[in-house]
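Peer 1: 3D, please:
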Amino acid sequence: MPEASSSFQATSEPKKLPSYVFLPPEIAEHYAEQTRKGSYKLLPAELEWRKRREFLDKKGYTLRPRYALDWEPSWIGTNIAPDFCEDSIILNDSRIMDARRQNDNKLVAIKRVRRDSRELEIAQFLTSVGGSDHHCISVLEVLDDPLDPGRSLLVMPYLRPYDNPEFNVVADVVDFAMQTLKGLTFMHQHRIAHRDIAPTNIMMDGTPLYPEGFHPVRIHQAEDAIYDARPLPRIDHPVTYYYIDFGLSVRFAEGAPSLVVGKVGQRTDVPEMSSTVPYDAFKADVYALGDIFDRDLEQKWKNVHFLRPLIEIMKQPDPCLRPPAHELLKMFRQIRATLHDTTLRWRLVLRTEQPYERLFNDTVAVARSGLSNLKRMVG
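Peer 2: You can find the predicted model right below:
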């Protein structure tokens, strides 16, 4: 049987496919039959996005081959498993489509939003302000939705979860905390409360870690969905973190009180949060970010205990005792100044790590550190 084309980005010299992608003839026929019965057909949301394909193409954005009007599954007539064919991969969020920007081949995310939504207004405002401490996702372009006059298509850089791949060394945690505090300060200085600060709403530009790219849906895999995407270390290839999703955010007028009501967002355990009693949205943001530092960082890793004083003040039960974001940023800069370079470059140690695991992992870390230093010295 012939081989299927698995990548949606042409390369000058295609790799020879590894043996694990091939199926015995009888299994290949089984998948072919399942395909004919509709197992890999486009979902209703995908069909809607396909209707926008021609419009998006004219605007300079190309969807994956799966969404071509004349799409035929590439594995039909081959003995390649569908899972290793890029065009078998379905959309995982009906609101957001990935695409390639034609002028530079950059991966972008296109999100459907209401034309009159607060999310659109605030995202555009933050983009217009800009600045080095921005750390809020930028809007590249806003398009009218050709299928719904009440909606717009928000074009943004394609990001990945902030902790995927996981942090490796102490400096990774320090950089994440510094950037998110800068971003929080930036938003609050411009009178914007996010109101839904949670792990899923902080993402990163993974480009420095994956110079050869990654698949927008199966982010652990390369663009061709065949090989694993292997990241470079963050400490030598710094990334930028961004707050996303301003659907619940509020922009306050200068001088107006920053009071809101409502138990909103993914983490509703902020002590003062109420559906009836007004509370300070900025103080709630501080608590929510402190909760990420606490649950997702300090409680996970043994050697980021330097975060504990910051966490305790950010998670004060009395919101009046929580400092504003700019003071927390100043406090963390002082903490950062006390950390030696060897501490920053040391591996993160899981709280669940056993003594025998630590011995082995420390040995590996020393070897890797030596190799990394040698590479930096020789350029």
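
Peer 1: what's the first-to-last distance across stretch 154-169?
Peer 2: Start-to-end span of stretch 154-169 (Cα to Cα, to the nearest Å) is 35 Å.

Peer 1: how much space is there between Pro149 and Arg115?
Peer 2: For Pro149, the distance to Arg115 equals 8 Å [Cβ to Cβ, to the nearest Å]. For every residue, glycine as well, the C-beta is placed using N, CA and C.

Peer 1: Those two: which is more packed in?
Peer 2: Between Pro149 and Arg115, counted using other Cβ atoms under 10 Å, the more crowded position is Arg115 (13 against 9).

Peer 1: what does the model give the nearest residue to the more buried one once chain neighbours are set aside for pLDDT?
Peer 2: Distances taken as Cβ to Cβ, 6 or more residues apart in numbering place Ser152 nearest to Arg115, at 4.9 Å, with adjacent residues excluded. Note for Ser152: predicted pLDDT of 98.

Peer 1: Just the buried positions in whatever helix or strand Ser152 lives in, please.
Peer 2: Ser152 belongs to strand 151-157 when assigned by DSSP states H and E. Across strand 151-157, burial judged by 16 or more other Cβ atoms under 10 Å covers 151-157.

Peer 1: now do stretch 343-353
Peer 2: Buried residues in stretch 343-353 (16+ other Cβ under 10 Å): 344-349.

Peer 1: my guess is Val349 contacts Lys302, does it?
Peer 2: Yes - the pair Val349 and Lys302 passes the contact test of Cβ atoms under 8 Å, sitting 4.3 Å apart.

Peer 1: Paired strands for the host helix or strand of Val113, with orientation please.
Peer 2: If you go by DSSP H and E, Val113 is part of strand 107-114. The pairing partners recorded for strand 107-114 under DSSP bridges are strand 96-101 (antiparallel), strand 151-157 (antiparallel).

Peer 1: ok, and what's touching the last one?
Peer 2: With contacts defined as Cβ atoms under 8 Å, 6 or more residues apart in numbering, strand 151-157 is touched by 52, 56, 61, 106-115, 119-120, 123, 137-145, 205, 244.

Peer 1: First-to-last residue distance for stretch 29-45?
Peer 2: Taking Cα to Cα, stretch 29-45 runs 28 Å from one end to the other.

Peer 1: Tell me the buried residues in it?
Peer 2: For stretch 29-45, by 16+ other Cβ under 10 Å, it's 31-32, 35, 40, 42.

Peer 1: show me what contacts Val113?
Peer 2: Each residue near Val113 by Cβ under 8 Å, 6+ apart is listed here: 119-120, 151-154, 247.

Peer 1: where do the strands sit along the stretch 201-350 of the chain?
Peer 2: Applying DSSP state E, counting those that start in this stretch to the stretch 201-350 of the chain gives strands spanning 202-205, 240-243, 250-251, 259-260, 279-280.

Peer 1: what's the offset of the third one from the middle of its chain?
Peer 2: Which is strand 250-251. Relative to its chain's centre, strand 250-251 lies at 23 Å (Cα atoms, centre = their mean, to the nearest Å).

Peer 1: name the helices or strands packed onto that strand?
Peer 2: Judged by 3 or more Cβ pairs under 8 Å, 6 or more residues apart in numbering; DSSP states H and E, the packing partners of strand 250-251 are helix 118-129, strand 192-193.

Peer 1: Figure out how far the strand holding Ser152 is from the centre of its chain.
Peer 2: On the basis of Cα atoms, centre = their mean, strand 151-157 is displaced by 16 Å from the centre of the chain it belongs to.

Peer 1: Next, the angle from that strand to helix 118-129.
Peer 2: Angle, strand 151-157 to helix 118-129, by axes from the mean of the first three to the mean of the last three Cα atoms, to 10 degrees: 40 degrees.

Peer 1: Make 39 the first number, not 1, from now on.
Peer 2: Taking 39 as the first residue, the last one we looked at is strand 189-195.

Peer 1: Next secondary structure after strand 189-195?
Peer 2: For strand 189-195, the following helix or strand on the C-terminal side (DSSP H and E) is strand 198-199.
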